[in-house]
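Undergrad: Mind folding the following:
(chains A and B)
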Amino acid sequence: MSDERSAGAGTDAISKAAAEGCAESRLLMSRRGVLGLSVGLYSWAFMPKFAEAASSGNDPRLLIVILRGGMDGINTVVPHGDKAYVSMRGSIALPRSATIRLDNFFGLHPALDNFGKMYRKKEAAIVHATCVPLHNRSHFDGQDNLENGQPGLASNSTGWLNRLLTGLPKGDPILAHGAIQVGEAPLILHGPAPVLGWSPSSFANMDRTTEYLIRTLYREHDKDMYQFLERGLKADALAEKVGKDDGNVSSLRRGFRGAARLLAAKTGPRIAVLSVGGWDTHSDQGGATGSFANVLSELDLGLDDFKAEAGKAWDQSVVVCATEFGRTVRVNGSDGTDHGVGTVAMLAGGAVRGGKVYGDWPGLAAPKLYDGSDLRPTTDLRSVFKGILKEHMDVPNTILDETVFPESKSVKAMKNLVRSGGKKKKKSASDAMEMFGTAPQRPEQPIARYRRGDKVSGEFSATLMENLPPVPLRPN
Amino acid sequence: MALSAEKARKAHIAFQRFGLGCTPGQFDKVGRNAEEALFDEVRSGRIAKIPSAKLPSYAKACSDSQKGKSEDLRRKELDARVDKHLDVQIGFVERLVIFWSNHFSMTVRKSSAVRGTIGQLERDVIREHVLGDFSKMLIGVLTHPAMISYLDNDDSVGPNSEYGLQRGAGFNENLARETMELYTVGSGGGYTEEDVTNLSLMLTGWSYVRGWEADNKYNGGNSRNRGKFIFHRKWHEPGKIRLMGKVYPAKGQSQALKALRDLAAMPETAEHIAFKLVRHFITDEPTPEMVEPLKNKFLATNGDLKAVSMELLRLPEAFTAPLTKLRTPYELAIAQFRALRQRYSDDGYWSFASPLNALGNMPWEYLTPEGYPDETLFWLDPDGMTLRLETALYAGWVYDDRMKGTPVKLARDLFGGVLTRDTLERVDAANNVANALAILFCSPEFQRR
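TA: Numbers count the residues shown, from 1 in each chain, chains lettered A, B, ... in the order given. Sure, this is the predicted structure:
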C-alpha cells in the first residue's frame, strides 16, 4: 500500500504512548476512543437554550476532553512545595528548574508550553487532587463513572451530558435542529437526546468523481441515505475546511481544530466531546522528556490549535480535560506509575477564571496517602463539572444535583471557576424547573414503547443541521 | 437461465434481510426457491456449531483468561466466527447467532474474564441453543463467568448469609435488573423494584474464580477451577424469596435456576423475544400482527427457538416488506468478504478492525448491556454515512488486486435481476477497481436489508 493509502496519523506521540499502557488499557484503546490513533470520534450536541435565555449576548461553548488511561496529575502539575515529592518520585521526579512556574508551590510540566502561556494570561487553571467518586482503579469502571455521572458502579446508565441535553424543553428549536448520535459516541453522550457525530477523516480521501457518482446514485434511489450523506459532507466541509493544510497534523490535532471550527460557527453546536488516549504510564514514562512528555505535548498543541481556530469564540469557551484516575504517588520499579486515585483536571478557555491552582493539597508524605499509595482526592470531580455547568451555562442546582449527577446534592458545585460566575442574573428555581424535562437515568427499551402502543422508533432523531452551507454537487 | 423478477426479488431478500450477503454463483441457485433455502438452513442439524480442535474448551478458556491470554483468545474466537460466516450459503442461522449474542451483549473492555471467555460462550452456549431451548441459553449465559463478571455479580453477597453477617458485605443488583429488563420479560413486563431486589438476592453467591483466588486457594479457588463459574453457598442469601408473585423455597443455587426457568417461559418474555426478532429482521416498527404469531409459537413450544425462527420466515411481511433497514457496519464487512470470497489476511486484521472501530460496531464491544440498537437511525446518520463511503473505498484499496473478475461481473453475480441500471453504470464508469468496488459496496442494493 502506498503512503497515501495508509490509515491514520501514523507515528504520533499518542499512538506510541498508547502502545505502552497496561494490557487492559491498551485494549480499551481500540474502541474507547483514541482520536490520536487511526480514527476518532467526535460528537457534539447543540447548546441548551436556557443558557441563551439566561444571559443575552453570551454564547458559551464547552469542550470536554476525556483523557483515557489515567493521567499522572502529580507530574503534570508538580507539587515542588511538598517535601515528599522528590523522594516519592525518585527517577521520574522533575526538578523545579525544569518546570514552568505556576506559583510558589506548583510547577507545570515543560511539555505544556502553550497551556502555561494561557495560565499566565489567566485563561487556564488547574484543579488538583480531584477524582471521580469511584475509586476502584479499573480503567473500565473509572471511565464509565466519569461519563455516566453516577455515584458508583452502574450497569446501564445514560451519560451525564446526554441527561443535560435531555432536559431541554419539548419543542425547543435547538432540538428541532438537533443531530443524532453516531455509533462510536462516547458514553458521556449516551442517551435519548439527539447528538451528532463527526470524525476527522483518516481512512480514504475519495476523489470527487467517485463521490459524485455515489451521491447521485443515492439522490435517484435512496432519499434517506442521500440526505444523511449530504449532511455529513457539509459537516466535514465546515470542520475540516477542505483545502486547508490539515493533512499533515495528527488526527488528534485535526479533532481539536474541527471542534473549534464547529463550536465557533454561528449555527454550529455549542458542546463537544473529544477523547485522547495514551495516559497509562506504567513504565518508562520519563521526566521532562520521554513518553509522558510527548503525550502532554500533543495535548498542548491540540489546545493551542483549538484556541487559534476558535477565534473570537475562545473568549466564551471552557475546555475541561479530565481523566478516570491518577497514578500512584511512588514511582514503580519500571520508572513508571501504576493506577492510583487523585489527579488533576485542566481547564482552559477565555471564559475560565485562570491563573490559579484550585483545590486543597492533601500532601504526599506516606501517612497522608489514600490507601497508603495514592494522592488523596480532596475535590470530587463532579464538583468541577457542576461548577462549570452552573456558572458557564447557567444550569440550575436542582438539575445538577438530581438529573445530571444523581444523588450528588452533598457534592457542592465549585465556585468562581468561570469569569462570569456569580455575576449573571439568575433565573428563579421555579422558572428553571419549568424549562427542564426529566432525563432518564437508564435508556428506555423499545419494548416498553411497543407495550404502551407508542411509536417504537425515535430514540435516534433524524433532525439535523439544516443551516450548514451546502456542498456543491459537481463532478471533477 | 436468469431468474424471473419475482424470484430474483426473493433471492435478494433472503441474502439481505435474513442472510449475510450473496457470494458469486449463489444468487441463481438460492433464487430457485429462496424461502425453502432459508428453511433448509434452519433444518440442517447442527449448522450453527463451529467444530474446531484449535479452539479452547470451557475449562481452558476460563483458565487462560485468568493467565493474561485473554486478547489472544478473543482474536482467535473472532477469526473463527468470521470464517464460519463465510462458510454458509445464506447465513440466516449466523444472523440468529449474532442476534442472540447481541441480546446478551457484553463488552470485552470490562475485564479479562469477559475478553477471554466471550467467544467460548458464544460458541458453546449461544450456538448450542440458537435453534434450541431459550431457557437453556438463558441459564447457560447467566452461569458463565463472562456474564457474572460483566454485570458485577462476582462479589454479590447476601446480607443475611454466613459471610454477609460476618463481613457486612452486600449484594449487587446489576445482573438481576438486566435479566428482567433486557433478557427475559423486558421493560414494562410487569415486574417491580422489589422483584429486582429479590432476584438479586436469589443470585447472591453466583460468582467465578478470579485468578487471585485460584493462586491463593482462597474462596474455594484452585488450579482446576480457575476462571470458572462457582456457587458460594456461604454468600447465598438464606430463606425463601418471592418473585413476581411466586415463592421460591431456599435451595441454594437451584432457587435462582428455578426462577430463571420460570422467567424464560413467561408470556411477557415470549412477547419480548418475538418483538426483538421482528424488529431486528423486518422493521423498526413491529405491529402486533407480526409479533403475536412468534409469541404464540414461543409459548406453544416452550421457547423452542427453531420453531420461533421458522415462524419469523412464515410471516407475510417476511418477503413482502420493503428493505428499509440498513446493514450494520459488521454485516457490511462480512458481506464484502463474502462477495470477494476472502477475509482479511492474518496480518491484515487491522483492515477489518479499524473501520469497525471507527463505525462503532466491533463485535462484543457495545458500551452498555442493551446491545447494538436495531433502530435504523442509529446507523443512518451523517458521520456514519461519510465513514461508510470512506471505509468502502478503503476496502476497495485493500482487496482490489486480490479480486477475480471485473467489478461489473461481480455486481451482476451478487444482485442478478435486482441490480439497477444506475448502479451498474456507475460501477462501470469508475476509473479503477477500488473505486468501482467502493461504489458497489455503497450501493443501496448492498447497504439496505
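Undergrad: Touching, residue B:284 and residue B:378? I think so.
TA: No: judged on CB atoms under 8 Å, residue B:284 makes no contact with residue B:378 at a distance of 9.9 Å. Glycine gets a C-beta too; all of them are placed from N, C-alpha and C.
Undergrad: what does the stretch 101-250 of chain B put close to chain A?
TA: B:107-112, B:115, B:151-152, B:172, B:174, B:177-178, B:181-182, B:186-189 (CB under 8 Å from any CB of the partner chain).
Undergrad: Briefly note if the one helix or strand residue A:161 maps to comes near chain B.
TA: Residue A:161 is part of helix A:160-166, with elements assigned from DSSP states H and E. No: using CB under 8 Å from any CB, helix A:160-166 stays clear of chain B, coming no nearer than 11.9 Å.
Undergrad: and the longest helix belonging to chain A, which residues are buried?
TA: Identified as the longest helix of chain A according to DSSP state H is helix A:291-310. Within helix A:291-310, the residues scored as buried using 16 or more other CB atoms under 10 Å in any protein chain shown are A:291-307, A:309-310.
Undergrad: Most remote residue from the middle of chain B, which is it?
TA: Within chain B, the residue lying farthest from the chain centre (CA atoms, centre = their mean) is residue B:166, at 41.0 Å.
Undergrad: what are the ranges of the helices in the stretch 51-200 of chain B?
TA: Ranges of helices in the stretch 51-200 of chain B, per DSSP state H, counting those that start in this stretch, are B:58-65, B:70-86, B:92-103, B:112-121, B:127-129, B:134-142, B:145-150, B:162-167, B:174-178, B:193-202.
Undergrad: Quick check on the residue of chain B found nearest chain A: phi, psi?
TA: When scored by CB to the nearest CB, chain B has residue B:360 as its residue closest to chain A, at 2.7 Å. Residue B:360 adopts backbone torsions of phi 70, psi 40, taken as degrees, to the nearest 10.
Undergrad: Kindly report the same for residue A:157.
TA: phi -100, psi 150.
Undergrad: Output the contacting helices and strands for the longest helix of chain A.
TA: Applying 3 or more CB pairs under 8 Å, 6 or more residues apart in numbering or on different chains; DSSP states H and E, one finds that helix A:291-310 makes contact with helix A:13-18, strand A:61-67, helix A:113-120, helix A:251-264, strand A:271-276, strand A:317-323, strand A:343-348.
Undergrad: I figured residue B:226 hits residue B:66, correct?
TA: Yes: taking contacts as CB under 8 Å, residue B:226 lies within contact range of residue B:66: 5.2 Å.
Undergrad: now residue B:127: how far from residue B:41?
TA: Using CB to CB, to the nearest Å, residue B:127 is found at 14 Å from residue B:41.
Undergrad: nope, residue B:149 is what I meant
TA: Taken as CB to CB, the span from residue B:149 to residue B:41 is 33 Å.
Undergrad: hang on, the earlier thing: hmm, the residue of chain B closest to chain A is touching residue B:354, no?
TA: No: using CB under 8 Å, residue B:360 is not in contact with residue B:354, being 12.0 Å away.
Undergrad: Low-confidence regions, the chain specifically.
TA: Since no chain was named, I'll use chain A. A:1-58, A:167-185, A:194, A:201-202, A:241-247, A:267-268, A:421-437, A:461-472, A:474-476 (pLDDT under 70).
Undergrad: Chain B was what I was after
TA: For chain B, the ranges with pLDDT under 70 are B:1.
Undergrad: Do you have the strands of it handy? List them.
TA: B:206-208, B:229-231, B:241-243, B:246-248 (DSSP state E).
Undergrad: count of neighbours near the nearest residue to residue B:352 once chain neighbours are set aside?
TA: Leaving aside its sequence neighbours, residue B:352 sits nearest to residue B:344 (CB to CB, 6 or more residues apart in numbering or on different chains; 4.2 Å). Residues near residue B:344, counting by other CB atoms under 10 Å in any protein chain shown, number 18.
Undergrad: what's the nearest residue to residue B:251 if we skip its chain neighbours?
TA: Per CB to CB, 6+ apart, closest to residue B:251 is residue B:258, 7.4 Å.
Undergrad: hang on, that neighbour packs against residue B:250?
TA: No: contact status for residue B:258 versus residue B:250: not in contact, 11.3 Å apart, counting by CB under 8 Å.
Undergrad: returning to what we had before: the more surrounded of residue B:360 and residue B:354?
TA: A count of neighbours by other CB under 10 Å puts residue B:360 above the other of residue B:360 and residue B:354, at 25 against 21.
Undergrad: which residues touch the helix holding residue A:161?
TA: A:45-46, A:48, A:64, A:147-149, A:158, A:188-195, A:271, A:273, A:385, A:389, A:395, A:399, A:403-405, A:437-441 (CB atoms under 8 Å, 6 or more residues apart in numbering or on different chains).
Undergrad: Would you mind writing the CA trace of it as CSV?
TA: Extracted in CSV, the C-alpha atoms of helix A:160-166 (Å, rounded to 0.1, in the frame of the first residue of the first chain):
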residue,chain,number,x,y,z
TRP,A,160,-24.5,12.8,32.1
LEU,A,161,-24.0,15.1,29.2
ASN,A,162,-26.9,13.5,27.4
ARG,A,163,-29.1,13.9,30.5
LEU,A,164,-28.2,17.6,30.5
LEU,A,165,-29.4,17.8,26.9
THR,A,166,-32.5,15.7,27.5
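Undergrad: Now do the buried residues in it.
TA: For helix A:160-166, a neighbour-count test (16+ other CB under 10 Å) marks A:160, A:161, A:162, A:163, A:164, A:165, A:166 as buried.
Undergrad: for stretch A:314-328, same thing?
TA: So, applying 16+ other CB under 10 Å, buried residues of stretch A:314-328: A:314, A:316-328.
Undergrad: In contact with residue B:313: list those residues for me.
TA: Counting by CB under 8 Å, 6+ apart, residue B:313 has contacts B:18, B:35, B:38, B:39, B:42, B:92.
Undergrad: Now do the same contact list for the nearest residue to residue A:107 once chain neighbours are set aside.
TA: Nearest residue to residue A:107, sequence neighbours excluded (CB to CB, 6+ apart): residue A:99, at 3.0 Å. Listed by CB under 8 Å, 6+ apart, the contact set of residue A:99 reads A:78, A:80, A:107, A:108, A:109, A:110, A:288.
Undergrad: quick one, phi psi at residue A:99?
TA: In this entry, residue A:99 is assigned phi and psi values of phi -100, psi 170 (degrees, to the nearest 10).
Undergrad: Okay, it and chain B: tell me how far apart.
TA: 35 Å (CB to the nearest CB, to the nearest Å).
Undergrad: now do residue A:441
TA: Distance check for residue A:441 against chain B: by CB to the nearest CB, it reads 12 Å.
Undergrad: what's the answer for residue A:208, then?
TA: From residue A:208 to chain B the distance is 11 Å (CB to the nearest CB).
Undergrad: Residue B:6 - how many residues pack around it?
TA: Neighbour number of residue B:6 under other CB under 10 Å is 11.
Undergrad: how many neighbours does residue 285 have?
TA: You didn't say which chain, so I picked chain A. Residue A:285, neighbours per other CB under 10 Å, totals 26.
Undergrad: ah, no, chain B please
TA: 15.
Undergrad: Over to it: give its phi and psi.
TA: Residue torsions, per degrees, to the nearest 10, at residue B:285 are phi -120, psi 80.
Undergrad: Just confirm residue B:340 contacts residue B:401, I think it does.
TA: No: at 11.6 Å, residue B:340 does not count as touching residue B:401 under the criterion of CB under 8 Å.
Undergrad: ok, the two, which is more surrounded?
TA: Between residue B:340 and residue B:401, counted using other CB under 10 Å, residue B:340 has the larger neighbour count: 20 against 8.
Undergrad: bridging residues for the residue nearest to residue B:148 when sequence neighbours are not counted?
TA: Closest residue in space to residue B:148, ignoring its immediate chain neighbours: residue B:208 at 4.9 Å, by CB to CB, 6+ apart. Taking DSSP bridges as the rule, residue B:208 bridges to residue B:229.
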